[in-house]
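Undergrad: I would like to see how this sequence folds:
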Amino acid sequence: MKRFIATSFLSVLAISSVNAAPNNVGCGWGSMIFDGDKGTGSQVMAATTNGTFGNQTFGISSGTAGCAKDGVVQKNAAADAFTGANIEKLARDMSVGHGEALETLAELIGIADDHKKSFFQSSKDNFSKIFTSENVTSEQVLSSLNDIMAADKTLSRYAV
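TA: Predicted structure coming up:
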């Protein structure tokens, strides 16, 4: 079931954000119109344009509108999107060191089965360092988690 959830999530993410550029909005007409513009407003407008007109999906399937048919969903993007959508479930799971959301995050990060026990325990032991406030963002959670993994000899191979 956990692998199904992770696979389903990745499939949805692939449809919506294949070949995502550093501008966070992927390909499509919006990305072409706002190409080179900086800031949150431009990114929101580009993403809205891409999503509203459904041109990103068409561009991916046809290889047009700045999209590539053979794009790759980045592991970090998938983990970030999942964390953002499931931050409360992850907080609960990390606080006890187990759970479906934590298992799914481990899958998205690429934690090997024989290292998951260490990952789960580390997330529990470092919960207060990962969830530093009620308003913590998914980026902050993943950054803190990455720092914790980097300092652990077993988990350091998964840190970016």
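
Undergrad: can I get stretch 105-112 in CSV, CA atoms only?
TA: Extracted in CSV, the C-alpha atoms of stretch 105-112 (Å, rounded to 0.1, in the frame of the first residue of the first chain):
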residue,chain,number,x,y,z
LEU,A,105,8.7,10.2,2.8
ALA,A,106,11.5,7.6,3.3
GLU,A,107,10.5,6.0,-0.1
LEU,A,108,10.5,9.4,-1.8
ILE,A,109,13.9,10.2,-0.4
GLY,A,110,15.2,6.8,-1.5
ILE,A,111,16.0,5.4,1.9
ALA,A,112,16.9,1.7,1.6
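
Undergrad: tell me the secondary structure of Ser95, please.
TA: Secondary structure, DSSP: H, G, I helix; E, B strand; the rest coil: Ser95 is helix.

Undergrad: confidence score at it?
TA: Per-residue confidence at Ser95 stands at 97 (pLDDT).

Undergrad: let's have the chain start at 30 instead
TA: Happy to do that; since the first residue is 30 now, the last one works out to Ser124.

Undergrad: contacts only, for it.
TA: Listed by CB atoms under 8 Å, 6 or more residues apart in numbering, the contact partners of Ser124 are Lys153, Phe156, Phe160. Where you see a C-beta, it was placed from the backbone N, CA and C, and this is true even at glycine.

Undergrad: quick one, what contacts Ser151?
TA: Shown in contact with Ser151 (CB under 8 Å, 6+ apart): Ile177, Met178, Asp181, Leu184.

Undergrad: so how far is Gly128 from the first one?
TA: For Ile177, the distance to Gly128 equals 18 Å [CB to CB, to the nearest Å].

Undergrad: quick one: low-confidence residue ranges for this structure.
TA: For the chain, the stretches with pLDDT under 70 are 30-55, 79-92, 94-105.

Undergrad: helices of that one, start to end?
TA: For the chain, applying DSSP state H gives helices covering 31-46, 58-62, 69-81, 84-91, 104-114, 116-125, 129-138, 145-154, 156-159, 167-179.

Undergrad: so which of those helices is nearest Ala188?
TA: Relative to Ala188, the nearest member of the helices of the chain by CB to CB is helix 167-179, separated by 3.7 Å.

Undergrad: which parts of that closest one are buried?
TA: Across helix 167-179, burial judged by 16 or more other CB atoms under 10 Å covers Ser167, Val170, Leu171, Ser173, Leu174, Asn175, Ile177, Met178.
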